[in-house]
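Undergrad: 3D, please:
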Amino acid sequence: MPANGLQVVLVDDSIPLRERMAASVSAVHGVARVRLANDVPSGLRLFEEHEPDVMILDIELPGQNGLDLLKIIRRRRSSSLIIMLSNHDHPKLREKCADLGANFYFHKLTQFEQVAEVCRKLAESREQQAHSSDLGSSQKPG
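TA: Now for the predicted structure:
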């Protein structure tokens, strides 16, 4: 695992889905670590402790929901990329997530694989940026 790879926090109360999603995202080249939470308080704690690059939030959680956590994260002006997950594929819910600052909204049943794809693209982009800045610093006159 690359030390400077993506840090991801996944918040979902379904153990099977959480494990499957964590395995899928962890398999992406460039992902350093996937931390897991099952509710808003534990997800918020991981967010505060690690300031992850990516937050993957289930909308339906026990107690507070993923929208509540999305609001908290965006109020803190976090630059974390936020992916919302839901079993419901309603346009109004997608729109609400976007209005609250989510970067992506995926339907769990039909768009599951897209979460890992977003992480792959972000990791590749970061790697290219790091490579470009390495080239730039090595080409400076000395």
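Undergrad: low pLDDT regions in this structure?
TA: Per-residue confidence for the chain (pLDDT under 70) gives these ranges: 1-3, 133-142.
Undergrad: in it, which spans are strands?
TA: Along the chain, counting by DSSP state E, strands occupy 6-11, 31-37, 54-58, 81-86, 104-107.
Undergrad: so how far is the fourth one from its chain's centroid?
TA: This points to strand 81-86. Computed by CA atoms, centre = their mean, to the nearest Å, the chain-centroid distance of strand 81-86 equals 7 Å.
Undergrad: next one: the longest one
TA: Centroid displacement of strand 31-37 relative to its chain, using CA atoms, centre = their mean, is 9 Å.
Undergrad: buried residues in that strand, which are they?
TA: Val31, Arg33, Val34, Arg35, Leu36, Ala37 (16 or more other CB atoms under 10 Å). From N, CA and C alone the C-beta is placed, and that goes for glycine too.
Undergrad: quickly list what the nearest residue to Ser26 once chain neighbours are set aside is bridged to.
TA: Closest residue to Ser26 in three dimensions, ignoring its sequence neighbours and counting by CB to CB, 6 or more residues apart in numbering: Val34, at 5.0 Å. Applying DSSP bridges to Val34 yields these beta-bridge partners: Val8.
Undergrad: which residues does Val34 contact?
TA: Residues near Val34 by CB atoms under 8 Å, 6 or more residues apart in numbering: Val8, Val9, Leu10, Ala22, Val25, Ser26.
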